[in-house]
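Chemist: pasted the sequence and its predicted model underneath.
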Amino acid sequence: MTVDLKDLGPGDIDWLVDQHAWLYARDEGFDDSFPVLVRQILEGFARDHDPACEKSFIAWDGDQRLGSIFCVREDDETAKLRLFLLVPEARGRGLGRTLLEACMGFARDKGYRRMALWTHQSHRAACALYEKSGWRLVRSEPKVSFGTEVVEQGYEVDL
């Protein structure tokens, strides 16, 4: 697998919304409110992001998209990791680590002192990757989100 990391481009928003909708409905039981949120986040990023301190990474193998990760500004010292996704056929090959390292490296290079993210406890592989990369769990609480019971978690890492 030869992977190229590209900026958000034509067709990426629709693809990412579709992949999030399908995977999260299949794996987590999320309802149709989730892809609406994903589209809002992506369209907001496309419209308003500051390329000097925010970046998208879309993983491609030839003409096939494999996943994404986004680095967005939370405040002057904190970057937020968003929309980390890998299609099932790309998992277990080190691409998640590649995307995470690219995102963290970008944040570090732009002068952020820390990163934060929000996820769910059920994303065991991603949570294990975060912990191996120095992230620490700072919040965990049961909730009902997107029509299903979840345990929301917050992670942070110093850069």
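Modeler: Now that the structure is in, tell me what you want to look at.

Chemist: going forward, measure contacts between C-alpha atoms and count neighbours the same way
Modeler: OK.

Chemist: run the chain-centre distance for the lowest-mean-pLDDT helix or strand in the chain.
Modeler: Every helix and strand of the chain was ranked by mean pLDDT, DSSP states H and E. The lowest is helix 124-132, at a mean of 93. Computed by Cα atoms, centre = their mean, to the nearest Å, the separation of helix 124-132 from the middle of its chain amounts to 13 Å.

Chemist: so which bits of the helix or strand just after that helix are buried?
Modeler: Where DSSP states H and E defines the elements, the next helix or strand beyond helix 124-132 is strand 136-145. Residues of strand 136-145 classed as buried by neighbour count (16 or more other Cα atoms under 10 Å): 136, 137.

Chemist: distance from the very next helix or strand once past strand 136-145 to the middle of the chain?
Modeler: Using DSSP H and E, the helix or strand that follows strand 136-145 towards the C-terminus is strand 148-158. Distance of strand 148-158 from its chain centroid, counting by Cα atoms, centre = their mean, is 13 Å.

Chemist: give me the angle between strand 148-158 and strand 136-145.
Modeler: Angle of strand 148-158 versus strand 136-145, following axes from the mean of the first three to the mean of the last three Cα atoms, to 10 degrees, is 160 degrees.
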